[in-house]
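Visitor: Need the 3D shape of this:
(one chain, ligands or ions: 1)
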Amino acid sequence: MTDLEQFRIDTQKWLAANAPASMREPLRSDDDICWGGRKVKYPADVQRWLDVMAERGWTAPTWPREYGGGGLNKAEARVLKEEMGKLRLRPPLTGFGLSMIGPLLLQEASEDLKRAHIPPIVRGEIRWCQGYSEPGAGSDLASLQTRAVRDGDDFIVTGQKVWTSYADKSDWMFLLVRTDPAAPKHLGITFVLMDMTSPGVSVKPIRLISGASPFCETFLDGVRVPTSQVVGEINAGWTIAKALLGHERTMIAEAFKDRVPGNPLVELARKHLGEADGRLADPVYRDQVAQVEMDQTCLDLTIRRAQDSMKAGHKPGPETSIFKYYGTETNKRRRELMVDLAGQQGLGWEGAGFDAAELSATRDWLRSRANSIEGGTSEIQLNIIAKRVLGLPD
Ligand SMILES: Cc1cc2nc3c(=O)[nH]c(=O)nc-3n(C[C@H](O)[C@H](O)[C@H](O)COP(=O)(O)OP(=O)(O)OC[C@H]3O[C@@H](n4cnc5c(N)ncnc54)[C@H](O)[C@@H]3O)c2cc1C
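Guide: Coordinates of the predicted model:
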């Protein structure tokens, strides 16, 4: 028996013995998704699943063991994913720590910063938010005005961030600040890590069309941030910011699958259209469902190929804009289709006339409208693809 076959057997046994039974069931609500952190209390079984997986480093299976990760190679990580899939197990942890700032720190940060921040991410102890956007700096991010003025070993940070997803539930923020206002706009920016409990930080939630309030305005009023929390060099944060955006775009493209075991689109279609000869009864909708499923599968396979290349040491490049664009546009089509094929039942907001899947179809559709804005708009991704992937002129 090969080592990998043995690893599969051990993994099967371990998962069967340690995964709480409820982690194999569909999510009861978004509250069941574990983002970790100090501010939110999760149901006991969700917390237990996080703890046992974190103990083995399997919340971040391929990260190095020295920082608390699982230290698995590519093949082992795939086996773990496959075995979790067979049991329909939910991921034990999600969030910007695992998908954005963790990979970035592993790639770019000093040893001290890695040792300080990576293990708490793996254990789900610290939840992170992203402080990039400002009222006058979205697509034109380099126009940001939040100032950081040096005072001994600290920066004093003053300004405002906006659309900060989960700022009210996060413990730390990674943010961009202007440290040299006299320099050309891309050259005076620094990438820093900030404890959200620092005096001078305040957050105010913003309500979305879907009824949820996942993000906030964040006000920074003379906040002290130690210069030891700078990632990369002072005034050279733009390069770090762009490296992080590569991780963010891949994460967003990926975020729409795997959240719920099973396939809500196909299940909803079966329920509302019925089946004939084991196929969806309506041929027009059947085509549309098949097209979305095929497009999603192509994207998933392409992302997997890119992730393998990243694990082999390549940094994410401008091609991540393709993932972001294609992933979000596909998700928008999927959500629209779900509402469409549910007919009148796809228009529910609340009340006994609609079941949970129908209500979430409506709200998820409304939420999906933001997919092509958050993390960089579709127009901006198309600009990047045109210039930096296809090499077209300005
Ligand atoms: C749900 C959601 C969550 C978010 N979470 C976060 C977060 O956690 N942290 C964070 O920092 N930010 C976050 N954002 C902010 C997001 O990154 C910005 O909204 C986005 O970058 C667009 O910036 P803007 O809103 O200023 O729009 P603008 O830049 O003002 O763009 C307005 C319109 O003009 C178009 N446009 C602008 N410039 C060009 C150009 N050069 N060529 C062609 N078209 C152009 C845009 O595509 C868009 O359609 C979030 C946004 C949303 C909707």
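
Visitor: Disregarding residues adjacent in the polypeptide, which is nearest to residue 322?
Guide: Closest residue to residue 322 apart from its sequence neighbours, by CB to CB, 6 or more residues apart in numbering: residue 385 at 5.9 Å. C-beta: built from backbone N, CA, C; applies to glycine.

Visitor: Contacts only, for the one you found.
Guide: Taking CB atoms under 8 Å, 6 or more residues apart in numbering, we find residue 385 in contact with 318, 321, 322, 325.

Visitor: Check the secondary structure at the first one for me.
Guide: For residue 318, the reduced secondary structure class is coil; criterion used: DSSP: H, G, I helix; E, B strand; the rest coil.

Visitor: which residues touch it?
Guide: 384, 385, 388, 389.

Visitor: Closest approach to the ligand from the stretch 51-200 of the chain, which residue is it?
Guide: The ligand sits closest to residue 138 of the stretch 51-200 of the chain, with a gap of 1.7 Å, by CB to the nearest ligand atom.

Visitor: What about that residue, how many residues nearby?
Guide: 17 (other CB atoms under 10 Å).

Visitor: That one and residue 162, how far apart?
Guide: 8 Å (CB to CB, to the nearest Å).

Visitor: where along the stretch 51-200 of the chain do the strands fall?
Guide: Taking DSSP state E, counting those that start in this stretch, the strands of the stretch 51-200 of the chain run over residues 128-131, 147-151, 154-165, 172-178, 189-195.

Visitor: want to throw these into JSON lines with mean pLDDT?
Guide: Formatted as JSON lines, those follow (pLDDT from 0 to 100):
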{"stretch": "strand 128-131", "mean pLDDT": "98"}
{"stretch": "strand 147-151", "mean pLDDT": "98"}
{"stretch": "strand 154-165", "mean pLDDT": "97"}
{"stretch": "strand 172-178", "mean pLDDT": "98"}
{"stretch": "strand 189-195", "mean pLDDT": "98"}
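
Visitor: Residue 307: which of those is closest?
Guide: Residue 307 sits nearest to strand 128-131 of all the strands of the stretch 51-200 of the chain, at 20.5 Å, using CB to CB.

Visitor: and the closest one, what does it pack onto?
Guide: Under the contact criterion of 3 or more CB pairs under 8 Å, 6 or more residues apart in numbering; DSSP states H and E, the helices and strands touching strand 128-131 comprise helix 96, strand 154-165, strand 172-178.

Visitor: can I get these in CSV with mean neighbour count and distance to residue 49?
Guide: Shown next, in CSV, are the helices and strands packed on strand 128-131 (neighbours: other CB atoms under 10 Å; distance: least, CB to CB, whole Å):
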stretch, mean neighbour count, distance to residue 49
helix 96, 24, 20
strand 154-165, 20, 23
strand 172-178, 26, 23
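
Visitor: and the ones you listed as JSON lines, adding distance to the ligand?
Guide: Formatted as JSON lines, the helices and strands packed on strand 128-131 follow (distance: least, CB to the nearest ligand atom, whole Å):
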{"stretch": "helix 96", "distance to the ligand": "8"}
{"stretch": "strand 154-165", "distance to the ligand": "3"}
{"stretch": "strand 172-178", "distance to the ligand": "8"}
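
Visitor: want to throw the ones you listed into a markdown table with distance to residue 75?
Guide: Listed next are these as a markdown table, based on distance: least, CB to CB, whole Å:
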| stretch | distance to residue 75 |
| --- | --- |
| helix 96 | 27 |
| strand 154-165 | 34 |
| strand 172-178 | 31 |
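
Visitor: For the stretch 101-250 of the chain, what lies in contact range of the ligand?
Guide: The stretch 101-250 of the chain comes close to the ligand at residues 129, 130, 131, 132, 133, 138, 139, 163, 164, 165, 215, as judged by CB under 6 Å from any ligand atom.
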